[in-house]
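Trainee: have a look at this fold, sequence not included:
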């Protein structure tokens, strides 16, 4: 069976929509990072949802956004506990290699999810194609 590609316009639209969503999330995270702009907002997925207008799953599906939220939370806690320098000193700084491994692992997990989604969509496409062929044969029999 021949694999069919998405129409180029649809692919472009989806890419642009994803880039727009990413930009909105980045802007919301930047707002949460700045104490003056943040105000009383808490660094949570719900807050990012409110600031961007996107759904929670759209935000949760981007592991980099969740990691950045965690980093913002850590920064806020570290700044609130800065009066006690010993507590900050005890907090171990992860080596760069370990951080990179975590990022690679998160991206691999995201890749697995996307691959599973592609397989599911391919199965649905095959099923619809079969149904279309069955309907065509029924139509030809009736004519």
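Mentor: Sure, I can see it. Note that this is a predicted model, so its numbers are computed, not measured.
Trainee: secondary structure element for residue 102?
Mentor: Using DSSP states H and E, residue 102 sits in helix 96-142.
Trainee: which helices and strands sit right next to that helix?
Mentor: In terms of contacts (3 or more C-beta pairs under 8 Å, 6 or more residues apart in numbering; DSSP states H and E), helix 96-142 is packed against helix 63-80. All C-beta spots, glycine's among them, are computed from the backbone N, C-alpha and C.
Trainee: ok, residue 59 - how many residues close by?
Mentor: Neighbour count for residue 59, taken as other C-beta atoms under 10 Å: 22.
Trainee: who are the contact partners of it?
Mentor: Each residue near residue 59 by C-beta atoms under 8 Å, 6 or more residues apart in numbering is listed here: 25, 45, 48-49, 52, 65-66.
Trainee: out of the residues you listed, which is most surrounded?
Mentor: Ranked by the number of neighbours (other C-beta under 10 Å), those place residue 48 first, at 27 neighbours.
Trainee: how near is that one to residue 64?
Mentor: Plainly put, residue 48 is 12 Å away from residue 64 if you go by C-beta to C-beta, to the nearest Å.
Trainee: and what of residue 15?
Mentor: Distance from residue 15 to residue 64, by C-beta to C-beta: 17 Å.
Trainee: low-confidence ranges in this structure?
Mentor: The model of the chain has pLDDT under 70 over residues 1-3, 83-94.
Trainee: got the domain ranges for it?
Mentor: Here the domain assignment for the chain is 1-91, 93-143, based on automatic domain parsing.
Trainee: buried deepest among these, which one?
Mentor: Scoring the domains of the chain by mean neighbour count under mean count of other C-beta atoms under 10 Å gives domain 1-91 as the most buried, with a mean of 13.
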